[in-house]
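K.L.:
With the sequence up front, the predicted model follows.
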Amino acid sequence: MIGKIIVKVCGITRQADAVVALEFGADYLGINCWDGSPRFVPANRRAALLREIPPGKRVAVTVNPTDVEASALITEGFDIIQVHFDPAKKECDPTGLSARIGKTHLWLAPKLPDGAEWPKALIALAAGFIHDAHAPNSFGGTGKQADWARFQKLTQTYPESLWILAGGLGPTNVGAALNAQPMGLDLNSGVELAPGLKSAEL
């Protein structure tokens with residue numbers, strides 16, 4: 001039986017989109033704090049967005065942040081730091097991040113090639129995990145569909161963690177995605193007119 005599914009809308013760039021997403025019942029809203037993303041929101045614009053999002057629902061989406069940078073985002077007003085990183089490149093220290101901001105404030109999104117073994121050591125470091133499609137030259141937000149079968153196996157192997165399914169989810173496939181029994185869904189490109197421009201109709 002599937003219980004209540006957590007919904008996160010990622011890539012929020014406009015105050016109006018934040019308001020609409022919350023009206024539709026989104027549990028979390030993601031603001032991209034990485035300047036390599038087409039949905040990047042600079043620090044001088046984030047305060048206005050955060051004012052529209054109640055505490056407890058604010059997610060900072062980052063790539064390879066240092067523990068100091070992650071801590072600064074918590075101070076800025078974010079509740080969760082979502083960290084995209086490539087475990088093979090050693091450019092990010094999830095252990096240090098967890099120690100600095102605490103497991104409950106950390107969601108990890110490791111970039112893993114299809115078929116790669118899940119890094120079991122990560123499970124103890126974070127409260128949640130984002131499972132997205134692998135793209136060699138990007139960190140999420142590609143619109144590509146993730147491996148749902150692999151995701152379902154991970155949720156069954158580590159049921160104590162929050163598992164959020166991402167990867168091109170939208171009106172045409174979100175119903176089918178429920179067959180993977182996700183605890184959460186991460187909506188981004190599938191509900192956009194263009195990167196960062198959400199559509200209430202979608």
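P.N.:
Nice, thanks for sending it over. Numbers count the residues shown, from 1 in each chain.
K.L.:
hmm, which helix or strand of the protein has the shakiest average pLDDT?
P.N.:
Counting by mean pLDDT, DSSP states H and E, the chain has its least confident helix or strand at strand 192-194, which shows a mean of 39.
K.L.:
Checking Leu22 next. Helix, strand or coil?
P.N.:
The local conformation at Leu22, judged by DSSP: H, G, I helix; E, B strand; the rest coil, is helix.
K.L.:
That one contacts Tyr28, doesn't it?
P.N.:
No. When contacts are counted by Cβ atoms under 8 Å, Leu22 is not listed as touching Tyr28 (10.1 Å). Where C-beta positions appear, they are placed from N, C-alpha and C, glycine not excepted.
K.L.:
I'd like to know how far Cys95 sits from Ala70.
P.N.:
Quick fix: residue 95 reads Thr, not Cys. When distance is defined by Cβ to Cβ, to the nearest Å, Thr95 is 12 Å away from Ala70.
K.L.:
between these two, who's got more neighbours?
P.N.:
For Thr95 versus Ala70, the count of surrounding residues by other Cβ atoms under 10 Å is larger for Ala70: 23 against 13.
K.L.:
just checking, that one touches Thr62?
P.N.:
Yes. Using Cβ under 8 Å, Ala70 is in contact with Thr62, at 7.0 Å.
K.L.:
More neighbours: Leu22 and Tyr28, which one.
P.N.:
Counted by other Cβ under 10 Å, Leu22 and Tyr28 do not tie: Tyr28 has more neighbours, with 23 against 16.
K.L.:
Tell me the confidence at that one?
P.N.:
Tyr28 carries a pLDDT value of 97.
K.L.:
now the one 4 residues further on
P.N.:
The predicted structure scores Asn32 at 96 on the pLDDT scale.
K.L.:
hang on, isn't it packed against Arg39?
P.N.:
Yes. Contact criterion Cβ under 8 Å: Asn32 and Arg39 qualify, at 4.4 Å.
K.L.:
count of neighbours near Trp34?
P.N.:
18.
K.L.:
got it, and Arg58?
P.N.:
24.
K.L.:
hang on, the earlier thing: so between Asn32 and Arg39, which is more surrounded?
P.N.:
More crowded of Asn32 and Arg39, by other Cβ under 10 Å: Asn32, with 29 against 21.
K.L.:
ok, what's across the strand from the more buried one?
P.N.:
Phe40, Val61 (DSSP bridges).
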